[in-house]
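> Next input, structure requested:
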Amino acid sequence: MYFKKIYIYLIFILFHLQNSLALTQDITLTILVPDALHSEYLLAKSVCKLLGRELEVSHSYGGTNTLDCSVTFNNSIDDIITKIEQNQFQYAIIKSSEFDTRPSNLAIRSILYFPAEQDYVFVSNQNVDIEVIKEINFGVINHLLEFKYLHSSFINFSAENLIVKQKIPMHLGTLRFSDDWKSGKNLRLTEVE
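Numbering: from 1, shown residues only. From the prediction side, this is the model:
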């Protein structure tokens with residue numbers, strides 16, 4: 001009798017713990033990339049795929065959150081950067097070298113850095129919710145093993161080299177995620193500040 005009660009309590013606690021480790025809010029992303037012929041597109045589709053995996057985990061434990069992740073093309077890098085700056089779109093994946101000749105921009109923030117055959121940066125507007133950025137980072141890092149096998153140039157991806165400070169300032173949500181990840185906190189439990 002007591003074992004049955006203990007077993008039920010353990011299942012209940014495990015259910016709530018796992019649910020707290022899955023996608024915890026609705027997320028909508030439209031990621032701008034230059035075209036479908038280069039790695040920016042593959043990276044964007046991979047981010048959507050891994051966030052979809054996180055959503056599946058959430059749903060398997062009773063979560064009701066939704067994910068709407070899509071990729072849109074814009075051939076002009078200047079247009080992409082302008083649209084992110086002006087908050088017309090919130091996300092883009094661009095070659096890191098595209099920012100070399102540009103003045104530092106206070107409106108654009110780095111979310112993740114992808115050292116593939118060239119260096120790519122997943123960027124957002126600084127106004128994107130910090131918690132959404134943390135969710136995106138969780139979704140990618142939690143399923144990083146799958147990400148590494150989507151393409152041969154991704155095989156060396158790790159949490160340490162995706163979350164690094166580059167020329168583009170990091171989004172505050174990524175900085176918080178990085179601090180929490182490195183400190184080993186149970187990051188999905190609701191934080192009270």
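> pLDDT of stretch 68-88, averaged?
Throughout stretch 68-88, pLDDT has a mean value of 92.
> Show me the strands in this protein, by range?
Using DSSP state E, the strands of the chain run over 27-33, 67-73, 91-95, 108-115, 119-125.
> Return the third one as PDB; C-alpha atoms alone will do.
C-alpha atoms of strand 91-95 as PDB (Å, rounded to 0.1, in the frame of the first residue of the first chain):
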ATOM      1  CA  TYR A  91      15.400  36.800 -36.500                       C
ATOM      2  CA  ALA A  92      18.000  36.200 -39.200                       C
ATOM      3  CA  ILE A  93      21.000  34.000 -39.800                       C
ATOM      4  CA  ILE A  94      23.900  35.800 -41.600                       C
ATOM      5  CA  LYS A  95      27.500  35.200 -42.300                       C
END
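> That strand to strand 67-73, inter-axis angle?
Relative orientation of strand 91-95 with respect to strand 67-73: 40 degrees, computed using axes from the mean of the first three to the mean of the last three CA atoms, to 10 degrees.
> Which elements pack onto strand 91-95?
Counting by 3 or more CB pairs under 8 Å, 6 or more residues apart in numbering; DSSP states H and E, the packing neighbours recorded for strand 91-95 are strand 27-33, helix 39-60, helix 77-85, strand 119-125. To be clear about C-beta, it is placed using only N, CA and C from the backbone, and glycine gets the same treatment.
> Pull the distance from that strand to the chain's centre.
Here strand 91-95 is found 13 Å from its chain centre; the criterion is CA atoms, centre = their mean, to the nearest Å.
> And the residue nearest the centre of the chain, how far from V71?
The residue lying closest to the centre of the chain (CA atoms, centre = their mean) is I136, at 2.6 Å. The spacing between I136 and V71, counted by CB to CB, to the nearest Å, is 14 Å.
> now do F138
Look at F138 and V71: by CB to CB, they are 20 Å apart.
> try I94
Per CB to CB, I94 is found 13 Å from V71.
> Over to R53?
Applying CB to CB, the value for R53 to V71 is 17 Å.
> Comparing these two, which residue is more hemmed in?
Ranked by neighbour count (other CB atoms under 10 Å), R53 and V71 place V71 first, with 20 against 16.
> so that one makes contact with S46?
No - between V71 and S46 there is no contact under CB atoms under 8 Å: 10.3 Å.
> residue ranges with poor pLDDT in the protein?
Low-confidence segments of the chain, defined by pLDDT under 70: 1-22, 105-106, 185-193.
> mind running it again at 80?
By pLDDT under 80, the low-scoring segments of the chain are 1-24, 61-62, 103-106, 181-193.
> still on that earlier bit, now distance to Q166 too, for the strands of the chain, in JSON lines please.
Converted to JSON lines, the strands of the chain look like this (distance: least, CB to CB, whole Å):
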{"stretch": "strand 27-33", "distance to Q166": "18"}
{"stretch": "strand 67-73", "distance to Q166": "22"}
{"stretch": "strand 91-95", "distance to Q166": "12"}
{"stretch": "strand 108-115", "distance to Q166": "5"}
{"stretch": "strand 119-125", "distance to Q166": "7"}
